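Colleague: Compute the structure for the input listed below.
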Amino acid sequence: MTVVTTLSRYIARVFSFFVLAMLAALTGVVSLFDFIELLARLRALIRRGVRPPLPDRLRAGRLTLDTRSREVTNAGEKVALTTREYALLEYFARHPNEVLGRAEIAEHVWDESYDAFSNVIDVYVQRLRRKLDVDDRSSVIATRRGQGYIFMPGEC
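Modeller: Numbering: from 1, shown residues only. Presented below is the predicted three-dimensional model:
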């Protein structure tokens, strides 16, 4: 190896360390472990790429969800939902006609304090069914025994 190649590699390493140190300073990272975590997060962000913006309104059959005001209308009539009920319905609406397991729902709608042995998801799904289903027709949220739930907007 020539002296120039060795020197250029050294300069590249110093420069990359300087850039990472500046990023660490801007984000408040102080220890080596935080610095390593910062690098991992930056790599993850680069892998993910740019996501398209989410729509302001979701339409699923007769249901309309306004994601900015967090309001739901069913056939033009407002539906009063709690924060958790709305989050669950929005997650269903973003994944129509897909079977969603309890673990997946818990991961996206509940926080880390969720108890996997409780029936809280079942209770909230039942509440949503009562508020969204009109008549005695089939429910907009179907249960797939042993698999989870499926949101079928064509049924409403």
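Colleague: Grab the most central residue of this structure for me.
Modeller: Nearest to the mean C-alpha position of the chain, by CA atoms, centre = their mean, lies residue 108 at 5.2 Å.
Colleague: Contact partners for it?
Modeller: If you count contacts by CB atoms under 8 Å, 6 or more residues apart in numbering, residue 108 has them with residue 91. Yep, even glycine has a C-beta here, placed from its N, CA and C like the rest.
Colleague: element containing it, please.
Modeller: Assigned by DSSP states H and E, residue 108 belongs to helix 102-109.
Colleague: tally of neighbours for residue 130?
Modeller: Number of residues near residue 130 (other CB atoms under 10 Å) recorded here: 9.
Colleague: Same question for the helix holding residue 108: list its buried residues.
Modeller: 102, 105-106, 109 (16 or more other CB atoms under 10 Å).
Colleague: so how far is residue 105 from the closest residue to residue 154 other than its chain neighbours?
Modeller: Excluding its sequence neighbours, the residue lying closest to residue 154 (CB to CB, 6 or more residues apart in numbering) is residue 61, at 6.0 Å. For residue 61, the distance to residue 105 (CB to CB, to the nearest Å) stands at 20 Å.
Colleague: same check, this time on residue 82
Modeller: For residue 82, the distance to residue 105 - CB to CB - is 16 Å.
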